[in-house]
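[1] heads up, no residue letters with this:
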DNA sequence: TCTGATTTGTAGCCGTGGCTACAATTAAGC
DNA sequence: GCTTAATTGTAGCCACGGCTACAAATCAGA
Ligand SMILES: [Mn+2]
Ligand SMILES: [Mn+2]
Ligand SMILES: [Mn+2]
Ligand SMILES: [Mn+2]
């Protein structure tokens, strides 16, 4: 059998030209960046609902440090992608898909912070950097982090 | 004197409202994302010049996995920001500022990959994830990585 | 040399995610 | 209940970074 396609979660690049490999890496980073915003919103909305009982656009905007108009537009994108719904003046809600995403993202966020702290990064720096790093950590890397932290 | 402004490299958030803290983290991540492209270009151009003797827009585009038109527009931004110059059909060059950026970025890239591998991430996953992660690793975190790797 | 391939540049489109300004709606307080 | 404040939504602007299509310039080979 030729190549025997692997059935892993993250598709393999296959060893063709070496430059295509690099292109593939950049492409992955671009994709991750494109979903980063959705991930942060899902996590934040879930947090707000959990701690405040509701997630209003204004609060979301303030937490993210953007204008409410920007937040509303991004929320529109979340709805468009089937991750959220909203009732006027009743705040934003997550669909099952949105909830699932939020759970995954929250767990990943924590793991990344914990890993950073574990290798000696000061708590506050870990919190700051993790907010960006998290979106680029693959499942495979995440498993390695968990194992390193003794949570295999 | 009020507040006594701190003179650290990374400005401090100051402990005002707790929500402003979170906003600050998101803002940092957004800033990092905005410079990510410039960093990748600088590093790649430097690499190409080192290995091929020149960095032509077409080659840059192929390595990044984007169209040549996209690469040319991004190179225009590099020039605009004083990081690169270019002679027609003679390729792209880095200004001193660009060179400095490239060196910093390359060193950081390596450190990130090495850290990932050191905590058990498979080589290929480390290479892929590092391409995105690197742009969100602060100086402080980088120092922690170096120390962890025994290169303090 | 000159002709065809390669490279580079330009133009114009799109979606995203910022912003301000203004409008409309709802909530709160008197 | 009315008035005012807060919230939400809309409109319109911008820069960025993707893309395709086309044009121009350069390079290379016959
Ligand atoms: Mn984040
Ligand atoms: Mn997060
Ligand atoms: Mn990168
Ligand atoms: Mn890199």
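    Yep, it's here. Treat the numbers as computed from the prediction; the structure is a model and nothing was measured. Ligands and ions are numbered 1, 2, ... in the order given.
[2] give the other helices and strands that the longest helix along chain A contacts.
    Taking DSSP state H as the criterion, chain A has its longest helix at helix A:18-52. Where contact means 3 or more C-beta pairs under 8 Å, 6 or more residues apart in numbering or on different chains; DSSP states H and E, helix A:18-52 is packed against helix A:57-64, helix A:68-80, strand A:84-87, strand A:91-94, helix A:96-118, helix B:18-52, helix B:57-64, helix B:123-133. Just so you know, the C-beta spots here come from the backbone N, C-alpha and C atoms, and that holds for glycine as well.
[3] switch to 7 Å and redo it
    Helices and strands touching helix A:18-52, by 3 or more C-beta pairs under 7 Å, 6 or more residues apart in numbering or on different chains; DSSP states H and E, are helix A:57-64, helix A:68-80, strand A:91-94, helix A:96-118, helix B:18-52, helix B:57-64, helix B:123-133.
[4] just how off-centre is it within its chain?
    5 Å (C-alpha atoms, centre = their mean, to the nearest Å).
[5] what of stretch A:132-150?
    Using C-alpha atoms, centre = their mean, the offset of stretch A:132-150 from its chain centre is 12 Å.
[6] around ligand 1, pick out the residues from chain A.
    A:40, A:131 (C-beta under 5 Å from the ion).
[7] ok, the residue most central in space within chain A to DNA strand C distance?
    For chain A, the residue nearest the mean C-alpha position is residue A:39 (3.9 Å; C-alpha atoms, centre = their mean). For residue A:39, the distance to DNA strand C equals 10 Å [C-beta to the nearest atom of the strand, to the nearest Å].
[8] could you do residue A:127 as well?
    Taking C-beta to the nearest atom of the strand as the criterion, residue A:127 is separated from DNA strand C by 19 Å.
[9] same check, this time on residue A:103
    21 Å.
[10] repeat that for residue A:83.
    Residue A:83 is 12 Å from DNA strand C, by C-beta to the nearest atom of the strand.
[11] measure that residue to residue A:140 for me?
    Applying C-beta to C-beta, to the nearest Å, the value for residue A:83 to residue A:140 is 24 Å.
[12] looking at these two, which has the bigger crowd around it?
    Using other C-beta atoms under 10 Å in any protein chain shown, the more surrounded residue of residue A:83 and residue A:140 is residue A:83, with 23 against 18.
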